[in-house]
Structure formats: C-alpha cells, structure tokens
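**Q** I would like to see how this sequence folds:
(one chain, ligands or ions: 2)
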Amino acid sequence: METLRLDDCPDLVIIQVYITNARRSYAIADHYRRLGAHVALGGLHVTSLSDEAAQHADSIFLGPGDSSFPRFLADLRAGRPQARYESGPRTLENLPPVRRDLIKRELYLVPNSLVVSRGCPHHCDFCYKDAFFGSGRSFYTQPVDRALAEIEALPGRHLYFLDDHLLGHQPFARALFSGMRGMGRVFQGAATVDSILRGDLIERAAEAGLRSLFVGFETLDPKNLQHSNKRQNLGRDYDRVIRRLDDLGIMINGSFVFGLDDDGPDVFERTVEWAIERGITTATFHILTPYPGTRLYQRMEQAGRLTTRDWDRYDTRHVVYRPRGMTAKQLQGGYLRAYRDFYSWRNIARASRQHATAKHQLKHLAYAGGWKKFEPLWNAGIKVRRLSAARPLLEAVLSQVSRGTAVDSVASVPALASKRRLVVTGVEPAVAA
Ligand code: B12
Ligand code: SF4
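**A** Residues are numbered from 1 along each chain as shown. Ligands and ions are numbered 1, 2, ... in the order given. Prediction:
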C-alpha cells in the first residue's frame, strides 16, 4: 500500500512478525538495530520461535500484546526495557481506542476492519491458536458496549470482522447483533460450521447485516477431521449449513485444506466439484502447512516429514512436508488446478446458477468474478491510490437478497434438492465450547 522508507532514524521500531514476512521483518530489524534504534518484535511467529526472533530484537513479545506493550513503554521511558515480555492478563476491558485517524482510508478497499474478540474456543491441530495463546485464556471478547461504540464511530456502511470465530461466544454475538440491528451496516466475518447450525444466531447476524461468511469446511473426509482434531465439524451436515446461509442471502467463502493424511490425488477434483455444485461463492484453498508451535508441526518434525524450514514457503501455497496419500508434486499441481478450475468463468457461472433468485445469482457472479478475474484492475487501483473508489461497488454486491425468513428450505439451492446430504461423520463430536 505504501513504500516503506528505511532512511529515517527512529528511537523505537515495532514490527509485527507473521511467518510469511519473518525474513523481511528480520532484515528491517537488523537494519534499524545497526542504526541504534530499539527494536521490538512481536506476533505469531515471534511467539512460536522466540529464540530465532530474539537474535534480531532488543525486546520480544510473546502472545497477545494488549497488556505487555503498555508495560514495555513504561519500562522504556524509565530506561529499563526488558529483553522479553510475556503476555499479561488476558482481557480487552481497558484497551485504548484504536487510532483510526492514522489509517489512510482512501488507500484501502476495506478500511473498516475490526476485531472484537481474541482467539477461538476450538483446538484444531493445524491452527496457530493454541501455540499462540499457550496457557491461559485463549478466547475472550471485548465488552459488547465498547464493540458497539467502536462500530458506531466508523464511517461508511461496510465492516470486516477479522475475528477467528465471530459466532464463537453466543451471548456476546447475540448482544452484538442485537445492538447492530438498524445501523444499516453490511458486514463480513468468519465462523465454524457447528455455530451456523446452532439455534438462531445466524438469523440474528443476517438481520444485523451479515452478508458474507468465511466457513472452515477444510475437508470432506471425517478421518481427516478426526486426525486434525477438528471435532466441531464432525457429524455436521455441511449441506444444511450451506442451505441455511443461502436462504439468508449470506455468501459463502469456503475454506479447504489439501494434503491431509487421508487425502488421495482425487481430492482436488472432488472438492472443487462439491463446492461448485453447492453454489459456494468463493473458495480459499490451502496446502496443509505445519506452522511452528502447532501440534501438527511437532508430529511432522518427529516423523522427519518436514522438507524445508524456509519460512517464505510456509504460506499455504507451497508444499513444505512429505505428504502421505500423494506426492508433493501431485499436491502442488492439484492445488493450483483447484484454483484454476473453481475460478474458471464456466464454473463461476455454474455455481451461481445454484441460487434460487436472479439477484443472488448476479451477486455471486459479481463477487466471485470481481475477486479473482480482475487482478490487473485491482493492482491499478492500488497504484493510483484510488482503491476506495470501488467501495460502493462492494457495498452494492453485499446488499440484501432475502428477508432472511426461509430457513432450511431445500428448494432454495436447486442442486441440493436432488442430492444426497453430506454429513461428515465419524466419532460423535464433543460439544463445542
Ligand atoms: C485478517 C487476516 C489476513 C488479512 C490481512 C488483512 C489486514 N489488512 O490486516 C489477509 C486476507 C490479507 C491475510 C492474508 C494472509 N494470511 Co492471514 N490472517 C488474518 C487473521 C484472520 C486476522 C489477523 C488479525 O488482525 N488478528 C487480530 C490481532 C489483534 O491479532 P494479532 O495480529 O495476532 O496481534 C496481536 C498479537 O500477535 C500481538 N502482537 C503482534 N505483533 C506485535 C508486535 C509487538 C511489538 C507487540 C508488543 C505485540 C504484537 O499483539 C496483538 C494484540 O494482542 C489471522 C488470524 C488471527 N486471528 O490472527 C490470519 C493469519 C494471520 N493469516 C495467516 C496466513 C497463513 C495468511 C496468508 C499466508 C494466507 C495465504 N495463503 O495467502 C496470507 C499472507 C499475507 C501476507 N502477505 O503476509 C495465518 C498466519 C500463520 C502464521 N503462523 O503466521 C493466520 C494466523 C491464519 C491461520 N489461522 O492460520 N490474512
Ligand atoms: S476453528 Fe478455526 S480458528 Fe478455531 S482453532 Fe480451528 S482452525 Fe483455528
């Protein structure tokens, strides 16, 4: 979005390190340390591999920084900054307001991104979550009044919740959606399949303006779910999840992981076809990636299956381990093919035809096409610093398609009316937190 200037000479440099930017973060950190700045590194990657990060920092931060960062600033002012800070009490009660005045809104399509919780109630083996939060609370929310006040203060209509699981804390989510009713917002977020089926929370979300949801289907194979400890998906009727969202006019961004141990070379075509036939609007495919600190990483490391520790390649687009049910080449090729096939115009049109109303079909075409088919245009928008001009278009695509009353009617997704239900079964799921 902006070019980073490295010719300045600050007193303090703070970098958030994700695995995908670790190498660059370390290079920038080394540069500023040579100039005499105090360099503080924090974030997911620093928490997973603290010894590695400490070689490039004067202070490192493990876990959430919400309470350790103010402590550090006080120490720095007093001339006694520590080398290592553990996260303090896990609470969002007394956070200062986000300095949104620092965000150059015109540069972004989505300037209103916000996060009203931390973590998630689940424990999937491949996820960053347990490694990052370690011991202590790993799922907590803002007080709902503060979240609503933050939302109220945001200009425009569109919001993007970055929370791992927006429906994860039911009383909180219920109060949030109830407070948002009538605000005229349209918003996007993420949730798990079980939470969409439970009670009527998803209807309340739709009434508050939820128009598109990232859903972690991950795999169609119950053995894969079991082996990944993704128990909240086991025994859940994926087709019912899709119908329910579709009836409410909520577009689905389905997340799928390839390369789990029970996947064979047929997984790509099967998954893509399944998603198209169900009218999933957008799909995010991932190559299984063992992030340092996760149980998956430990297992892979013990079994000697990791093939590289080049963190640049740990971006879910490269194969960094020895798969079981296929070769690494098949996995890499199948992943690329899945993206190509799912986002071919022919298949976008096929998937869009699965919706009952012409308006929903058109929205599907516009959203999936706009997301994947016009990348040069998006890049041009970024270059000329006019991405914000496309925001009204996004809001129009996210406008309401249904009144959100016809829940669970099979007829709403024509293809589902004639198909066998897909229930991902295995052992009975433990009741999700
Ligand atoms: C939003 C998001 C995105 C957005 C970013 C949009 C944006 N403008 O911010 C988009 C869609 C672009 C994106 C892309 C990708 N993402 Co992403 N994304 C997220 C998501 C859902 C939320 C991030 C967030 O804002 N969290 C909320 C804040 C409050 O938490 P936080 O970032 O961890 O910060 C806290 C602490 O870490 C700490 N902290 C952090 N830095 C520092 C620094 C200091 C000095 C201190 C004191 C403290 C501190 O304090 C903060 C407050 O407690 C996370 C999942 C998650 N919940 O974190 C995944 C996640 C970060 N993404 C991930 C991945 C893999 C990717 C992609 C590689 C996916 C892909 N295949 O393309 C790309 C990489 C992009 C890139 N170039 O780096 C992984 C990263 C795994 C890892 N171990 O690093 C995550 C964890 C998802 C997952 N479950 O696996 N992503
Ligand atoms: S449900 Fe999603 S965010 Fe929660 S632990 Fe599993 S993968 Fe991570």
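
**Q** all strands for the stretch 1-150 of the chain, in order.
**A** For the stretch 1-150 of the chain, the strands defined by DSSP state E, counting those that start in this stretch cover 12-16, 38-42, 59-62, 84-86, 113-114, 117-119, 139-141.

**Q** write out the residues of the stretch 51-200 of the chain neighbouring ligand 1.
**A** Contacts of the stretch 51-200 of the chain with ligand 1, taken as C-beta under 6 Å from any ligand atom, map to Phe61, Pro64, Gly65, Asp66, Phe69, Ser113, Val115, Cys127, Tyr128, Leu162, Asp164. (C-beta placed from N, C-alpha, C; glycine too.)

**Q** just the buried ones from those, in ChimeraX syntax?
**A** Selection command for ChimeraX covering only the buried members of those, criterion 16 or more other C-beta atoms under 10 Å:
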select :61,64,65,66,69,115,127,128,164
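
**Q** just the closest of the residues of the stretch 51-200 of the chain next to ligand 1 to Leu245, please.
**A** If you rank those by distance to Leu245 using C-beta to C-beta, Asp164 comes first, at 18.2 Å.

**Q** quick check: the two most widely separated of the residues of the stretch 51-200 of the chain next to ligand 1?
**A** Largest pairwise distance in those, by C-beta to C-beta, is 24.0 Å, between Phe69 and Cys127.

**Q** mind listing which of the residues of the stretch 51-200 of the chain next to ligand 1 are in helices?
**A** Phe69 (DSSP state H).

**Q** for the helix or strand encompassing Arg299, the distance to its chain's centre please.
**A** Per DSSP states H and E, Arg299 falls inside helix 295-302. Put simply, helix 295-302 sits 23 Å off its chain's centre (C-alpha atoms, centre = their mean, to the nearest Å).

**Q** who's in contact with it?
**A** Asp125, Phe126, Asp130, Ser228, Asn229, Leu288, Pro290, Tyr291, Leu306, Tyr321 (C-beta atoms under 8 Å, 6 or more residues apart in numbering).

**Q** is there proximity between that helix and ligand 1?
**A** No: Helix 295-302 stays clear of ligand 1 (C-beta under 6 Å from any ligand atom), getting no nearer than 9.8 Å.

**Q** how about that helix as PDB, C-alpha atoms only?
**A** Only the C-alpha atoms of helix 295-302 are listed here, as PDB (Å, rounded to 0.1, in the frame of the first residue of the first chain):
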ATOM      1  CA  ARG A 295       0.700 -30.000  17.200                       C
ATOM      2  CA  LEU A 296       0.800 -30.700  13.500                       C
ATOM      3  CA  TYR A 297       4.400 -29.200  13.300                       C
ATOM      4  CA  GLN A 298       5.500 -31.400  16.300                       C
ATOM      5  CA  ARG A 299       4.100 -34.500  14.600                       C
ATOM      6  CA  MET A 300       5.700 -33.800  11.300                       C
ATOM      7  CA  GLU A 301       9.000 -32.900  12.800                       C
ATOM      8  CA  GLN A 302       9.100 -36.100  14.900                       C
END
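
**Q** ok, then the element right after it?
**A** Next in line after helix 295-302, if elements are assigned by DSSP H and E, sits helix 328-342.

**Q** what does that following helix contact?
**A** 256, 258-259, 265, 267-269, 271-272, 275-276, 283, 285, 287, 307, 317-319, 322-323, 326, 347.

**Q** please spell out which residues along it are buried.
**A** Buried-residue list, helix 328-342, by 16+ other C-beta under 10 Å: Ala328, Gln330, Leu331, Gln332, Gly334, Tyr335, Ala338, Tyr339, Phe342.

**Q** reformat the residues you listed as JSON lines; add distance to Ser352.
**A** As requested, those are exported to JSON lines (distance: C-beta to C-beta, whole Å):
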{"residue": "Ala328", "distance to Ser352": "34"}
{"residue": "Gln330", "distance to Ser352": "30"}
{"residue": "Leu331", "distance to Ser352": "29"}
{"residue": "Gln332", "distance to Ser352": "29"}
{"residue": "Gly334", "distance to Ser352": "24"}
{"residue": "Tyr335", "distance to Ser352": "24"}
{"residue": "Ala338", "distance to Ser352": "18"}
{"residue": "Tyr339", "distance to Ser352": "18"}
{"residue": "Phe342", "distance to Ser352": "12"}
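
**Q** wait, which of those is closest to ligand 2?
**A** Tyr335 (18.5 Å; C-beta to the nearest ligand atom).

**Q** nearest spatial neighbour of whatever residue of the stretch 201-350 of the chain ends up closest to ligand 2, skipping sequence neighbours?
**A** Nearest residue of the stretch 201-350 of the chain to ligand 2: Gly216, at 5.0 Å (C-beta to the nearest ligand atom). Spatial nearest neighbour of Gly216, excluding adjacent residues (C-beta to C-beta, 6 or more residues apart in numbering): Ser255 at 4.8 Å.

**Q** now that neighbour: phi and psi?
**A** Main-chain torsions, Ser255, degrees, to the nearest 10: phi -100, psi 130.

**Q** do Ala190 as well
**A** Residue torsions, per degrees, to the nearest 10, at Ala190 are phi -140, psi 150.
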